[in-house]
Every structure is written in structure tokens, then in C-alpha cells.
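# Give me a model of this one.
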Amino acid sequence: MEECNNNRGGELQLQSLSSRSIPQQHSPSFRRRESKGSSNASFSWIGSNRLVLWLVLVTLWAYLGFFVQSKWDHYEKEQELKGFDFHLKNHQDSVVKKSSLFVDNEKVGVNNLLDIVLAKKRRSRRSLRSKLHGKHKRKLKVDGNFGNIEEKELEIPLVGPFGSMEDKILKLSTNEKGCGKCDKKSEFAQVVMSKSFVLIFHELSMTGAPLSMMELATELLSCGANVSAVVLSRKGGLMQELVRRQIKVIDDKVDHSFKTSMNAHLVIAGSAVCASWIEQYIEYSPAAANHVVWWIMENRREYFDRSKDVLNKVRMLIFLSELQSKKWQKWCDEESIKLRLQPAHVPLSVNDKLAFSAGLHSSSDAEKIDEKRKLLRASVRRELGLNDNDMLVISLSSINPGKGQLLFLESAKSVLENESFQDDNKMQNSSKVEDIYTLARRHHLRKLLPMMKDSNSNISSNTISSNRKGEVKQSLKILIGSVGSKSNKVEYVKSIVSFLSQHSNLSKSVLWTPATTHVASLYSAADVYVINSQGLGETFGRVTIEAMAFGLPVLGTDGGGTKEIVEHNVSGLLHPIRRKGNHVLAQNLEFLLENRLAREQMGMYGRKKVQRMYLKEHMYSKFVEVLVRCMRIK
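Okay, the predicted model is just below:
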């Protein structure tokens, strides 16, 4: 079509050219004919038939324009895909921009962290291993502009993600990758089939709420529902994944999203941050509140204050845990807010891909999956430069004060530097002794009991050490993510960097990994998971159940939903929030360092709990009651 239009334009130009006079003596065409002479008949013919020449030129120009335009379009689309982890063919070559950390061989001040590109292309396994062992490490020069810190060089090894390795070793089928295989016989499928839903995303970061909403949308689609998504902020990298999963994203402009929502059977908002949209939607159509369900995933008072004006207007609230629900209902009582219906509890679940990777789904190839997972573990640990005597402790989340990474590193420093914990309260020591006895009795870990005979000498400094013969204390290694996450707080990252710059022994034991959805490789390589959420604690902590699915014991704070998931001395060990919990977390790290059997037993119990309570079928069976009570009947 474009060529036809261009040819038509060429004909108009030719008509105008034909009416012009013969070229002047000094024109280019005249000079060309004069230089060639009359003996060259072919060039003379072209010169005398300028119409043909112009026609050829116009045709070539139109074709060239069409070709270049198509290349530009293709390039722009390709660049869009490159920014998203899911679509990279080789995740190990990904580039994470605007990092909180640093590049190879660059020395920069802490105050310039925002403008630094985090990772360059990784070259080879040998190159990475040499980096981890001291050659060509990434360095940061901490300057005097950040407090009164002495100028030092800090080595920051960035590793992963291991998406390509994970895919190559596990070789999951399409269904095993969690692409939304629906159980058509389930009650959930029967309720949602042929129904329409609008899901409200507050953002598109690779964090708990957006990921959970995306998986809910995928499940609804696979069960025959019609799903649209309203995205309030495109912050994050999930847009391309929504497109890949064929989740229709509608523009939130003027009243377009409101009109679409009015035609849906149910609207599900996925965060307290959606309060403003809900309020405007209800003002647009007051009756629409009857089919709005609000799945609140936050547990801080500031989020309650932001949303309190509309809490009693929506049909129903959904919470992730009973503790969260009680906290919000207490705040409602304080503000004299009466909810329309009793809130529902729908905890999150481990997605299908991770469940298959962890070997949780019953399968005739269960042993084969276990072998693949062991191979993945060995491969990733080799890439990380770890040996069998290293205990890898990981913490994967956005890096901000609420997640407590700095406090965790302070505890790890105490362990690595063999510091004596302050012995201000002798009752704490006796309590710890009782905890270990309880642990041994509950798990029938007879090998743990002999170590208590020397408790007076070993516990006097609040440091637990094993007396088992042949038992070698393992080395502590730490992996922190997610570098490059849009939810990271740069000032907090600066404080972590400055802390590491002052403790070289600790910094040599800390690795960093970029934000990624390929986490099966990291869980497989790890031995312990730490969730050190502060304040009121983690609302639920999806990473907690993911780690438990892979058989990892969890060290978590005793606040929020974590203590509903992690049973103290059974599937992990809990410690108090804030800095007062540092010495207890350090004790727990030391205990697991010296007791591999305890780690294995805790991991086994945690894995069984996930199988019993936190798989996809458990989550959606609880969603059914909400759907039945709240969906509009048309």
C-alpha cells in the first residue's frame, strides 16, 4: 500500500518534471552527457529519458524507506524485550541498570550509586570463579563524603541469575512451568468459567503482590474466565510477562477502566495502595462497590490510614494471615469503621513452577526430579565458588529497612568474627539451653543432646558449639538479593555498603544477586533462609514458603505472618525484631552452622507443611467462598 502511494506521488512529480525545460549547460545531467560523448548510446538514452530514471529512483527510495522503517520497528520491540528477565535467552548476560551497587574495576563514591550500572556481561565460568577467589573483583571506593568513613576498597561479587542453567538442567515441560494449567473439575474452575474479572495492580515490580495478582489472572484465564488488568503504576518489569501470558491490560485514562470494571462480574484490587482508584470508582458508580473485593497484602498503619475511608464501602476484604486480619480489624474498631462482611483469609501459595522444581507434586518421575535438583545445586554452588563445607544463607527480597538486611549482616559479623555476645541476661542463656533440649527431644535428635553436657563452658558466651566427634564447623557464606529491584531504597543500600567497607571479613563472605524470577536455582544451592522483616514483621512472606518448599530451615522474626508459617524449633528458629534480636539471630546462625542434622530435620518439617497447606490448590479452594459471596449475578 505504501509503495502504491509513493508511486502515485512519483507520477505526479514526473508530470511536473516533464513540463520543465531542457537542462541548462551547467546542470549535472548536461555535464554527464557531455563528458561521455555521443559514442555511449546507453547513457545518452538514459539522459534523454529522464522520466524512466526518476521513476527508478522514486521506486528505490520508497522501498528503502519501507525497509528502514520496518527495521526500526523491529529494533524498538527487541529493545523492549531486552529489559525483561523472562524474555532473555541468556539470563546470565542480562544487564541491570540504575543499581544500588557497582561495576567491574570502577571506583566510585557512595553518593553516586544511583547512576551506576550494576552488572556487565558475564564472560565465562572460569572468569566468574576467578572473581570470587580474588581476581578482577568488582570494587567500590567508599569516599569521605559518606560520614567519616575511612577510605577503603570494598569487593562486591555479583552472581547470577542462573536462569539458563536452571532451564537446561530441570527441563520443565510447559505445564510444569506454571503456565496456568487449570483443574477443570475443581470448584474454582466451575465458579469462574465464562465469568469476567478486572484485576487492579498497584505496580508491576517482581514482588509479592504483583506476582500473586499476575498468577491469579493466569489461573482465571486458564479456567475459562475473561480477565482484564488495570495497572496504576508501570513501575517494575512485569508488563512484558503480562503480554506473554495474554493478560489484557486496559488504559487507566479518564473513565475507561471504570466502564470496563462496571461490566465485570467481580473487581479484585491487589494492594492497599489501590485505595485511591477504588474511591474514584465508587464515586463514579456507587452501586459498583457491591462487586469489589480488596485483597490487602500490607500490614503497616500507614497503609491503613491511606485506605480507611473506603474499607467499609467495598464488598469484602481479604487478608493473608489471621494476625494481619486481627491487626486491621483492631484499627477499624479504633476508627469506628464497620466492615460490610467478615474478612476472608487467603494465604499465598508456591507457584506451580517452583512446586515442580522442588519436587512437591506427585509424579512418577519424582526420583528423576530429585536428581535434577541435586545436579542444579551442585552446578550453582560451583559457579558461586562454594564447597561442601560452606553453609550458604540466602535472603531474597527488595533491599530496604523493612526487610532488615543490615541487621542480619550485623548478626553475621558477630558469628564470623567470633565475637562474644553480651551476657547481660543469664535467663536468656538458660532459655536457649531449654530451646535446644526441646529441639532435640521433638526431633529425636539424640546426637544433639551430648553437646549440652558442656553447656556451662559453651553457653557462657552465648555461643553454641558442637562436641560431636568428626564434626567440622562449616564456613558461613551469605547471598543477598534483589539487586536492581525497583523497590530498593538507595540510602539504605549505602548504609549497608558503608558497614561492609568497615568489616573486610564479612564483605568477603557476602555475595549479591540481581532481581530475578528464576529463584529455583538459588533455593537449590542454599542451606538456610533468613527473613529478617522488621516493624510489625512480614505480612505473610511468600519467599518463606518457597524456601520451605526446597527444604530450607528458616530464620525469621517473631512478628507478623512469619510466626504463623514458621514453627519455632520445628521448621526454623525465630528471633525478636529490631536490633535487640541481633544476638538471638547470631546464636541461631551459629547453631545451624554446627548442626547439619538439625538443618535437615527442620527443612523436612517445613517442606511437609508446604505440601499440606501452601500449594496452589489450597489457595484457590479458599478463594471459592469469596467468589461465591461477592460475584455479581448477571
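# just for the stretch 101-250 of the chain, where's the confidence low?
For the stretch 101-250 of the chain, residues meeting the criterion pLDDT under 70 lie at 101-156, 173-180.
# got the residue ranges for the strands in it?
139-142, 152-155, 196-201, 226-231, 248-250 (DSSP state E, counting those that start in this stretch).
# what sits against S495?
Contacts for S495 (Cβ atoms under 8 Å, 6 or more residues apart in numbering) come out as L406. The C-beta positions use only the backbone N, C-alpha and C, and glycine is treated the same way.
# What does it show for phi and psi?
With angles defined as degrees, to the nearest 10, S495 sits at phi -70, psi -30.
# per-residue confidence for it?
For S495, the pLDDT comes out at 92.
# so after the helix or strand of the chain with the lowest mean pLDDT, what's the next helix or strand?
Ranked by mean pLDDT, DSSP states H and E, the weakest helix or strand in the chain is helix 455-459, scoring a mean of 33. Counting by DSSP states H and E, the element after helix 455-459 in chain order, helix or strand, is strand 475-483.
# Which residue ranges make up the domains of the protein?
Here the domain parsing of the chain from the TED database is 193-349+619-632, 366-422+473-614.
# Which stretch among the ones you listed is buried most, on average?
Each of the domains of the chain was scored by mean neighbour count; the highest is domain 366-422+473-614, a mean of 21, by mean count of other Cβ atoms under 10 Å.
# Any idea how far apart the tips of that one sit?
In terms of Cα to Cα, to the nearest Å, the two terminal residues of domain 366-422+473-614 are separated by 19 Å.
# okay, and for this structure, where does confidence drop off?
1-48, 63, 65-156, 173-180, 362-364, 419-473, 537, 634.
# Okay, D365 and S482: tell me how far apart.
31 Å (Cβ to Cβ, to the nearest Å).
# Using PDB, write down the CA coordinates of stretch 570-583.
Output in PDB follows, covering the C-alpha atoms of stretch 570-583 (Å, rounded to 0.1, in the frame of the first residue of the first chain):
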ATOM      1  CA  VAL A 570      10.300 -27.300  64.200                       C
ATOM      2  CA  SER A 571      10.700 -25.800  60.800                       C
ATOM      3  CA  GLY A 572      13.100 -23.000  61.800                       C
ATOM      4  CA  LEU A 573      14.100 -20.600  64.500                       C
ATOM      5  CA  LEU A 574      12.600 -17.200  65.400                       C
ATOM      6  CA  HIS A 575      14.200 -14.100  66.900                       C
ATOM      7  CA  PRO A 576      12.900 -10.700  68.100                       C
ATOM      8  CA  ILE A 577      12.500  -7.800  65.700                       C
ATOM      9  CA  ARG A 578      14.900  -4.800  65.600                       C
ATOM     10  CA  ARG A 579      18.400  -4.700  66.900                       C
ATOM     11  CA  LYS A 580      17.500  -6.400  70.100                       C
ATOM     12  CA  GLY A 581      17.100  -9.600  68.000                       C
ATOM     13  CA  ASN A 582      20.600  -9.500  66.600                       C
ATOM     14  CA  HIS A 583      22.200 -11.600  69.300                       C
END
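# Give me the contact list for it.
404, 407, 410-411, 414, 421-422, 442, 462, 533-535, 537, 548, 553-559, 562-563, 566, 568, 584-585, 588, 591-592, 602-603, 605-606, 609.
# Name the nearest residue to Q280, sequence neighbours excluded.
F258 (7.6 Å; Cβ to Cβ, 6 or more residues apart in numbering).
# Could I get the contacting residues of that neighbour?
280-281, 284-285, 288 are the contacts of F258 under Cβ under 8 Å, 6+ apart.
# Turn the domains of the chain into TSV, including distance to C182.
Below are these laid out as TSV (distance: least, Cβ to Cβ, whole Å):
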stretch	distance to C182
domain 193-349+619-632	4
domain 366-422+473-614	19
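# Those: which one's closest to P161?
Closest approach to P161 among these (Cβ to Cβ): domain 366-422+473-614, 3.6 Å.
# Looks like N505 contacts N418 (just checking).
No - with contact defined as Cβ atoms under 8 Å, N505 does not count as touching N418 (10.0 Å).
# Any chance you could list what contacts the helix or strand that R306 is a member of?
In this assignment (DSSP H and E), R306 forms part of helix 301-307. With contact meaning Cβ under 8 Å, 6+ apart, helix 301-307 is reached by 272-273, 275, 294, 296, 328, 331.
# State the pair within those residues that is farthest apart.
Among those, V273 and W331 lie farthest apart (Cβ to Cβ), at 16.8 Å.
# hmm, back to that, strands - which of the contacts of helix 301-307 land there?
Residues of the contacts of helix 301-307 located in strands (DSSP state E): W294.
# quick check, nearest of the contacts of helix 301-307 to H202?
Distances from H202 to the contacts of helix 301-307, taken by Cβ to Cβ, are shortest for V273, at 3.9 Å.
# Keeping just the C-alphas, turn stretch 241-256 into CSV.
Written as CSV, here are the backbone C-alpha positions of stretch 241-256 (Å, rounded to 0.1, in the frame of the first residue of the first chain):
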residue,chain,number,x,y,z
GLU,A,241,5.2,-11.0,31.1
LEU,A,242,1.5,-9.9,31.3
VAL,A,243,1.6,-9.6,27.5
ARG,A,244,3.2,-13.1,27.2
ARG,A,245,0.5,-14.6,29.3
GLN,A,246,-2.1,-12.8,27.2
ILE,A,247,-3.5,-10.8,30.1
LYS,A,248,-5.2,-7.8,28.6
VAL,A,249,-4.0,-4.5,30.1
ILE,A,250,-6.5,-1.6,29.8
ASP,A,251,-5.6,2.0,30.0
ASP,A,252,-6.4,3.8,33.2
LYS,A,253,-7.4,7.0,31.5
VAL,A,254,-10.4,9.2,32.2
ASP,A,255,-13.1,6.6,32.9
HIS,A,256,-12.1,3.8,30.6
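# Next, the closest residue to A358 other than its chain neighbours: phi, psi?
Once flanking residues are discounted, A358 sits nearest to A549: 4.3 Å by Cβ to Cβ, 6+ apart. Reported as degrees, to the nearest 10, the phi and psi values for A549 are phi -60, psi -30.
# Now do the same contact list for A549.
Contacts of A549 by Cβ under 8 Å, 6+ apart are 350, 354-355, 358, 360, 523, 607, 610, 614.
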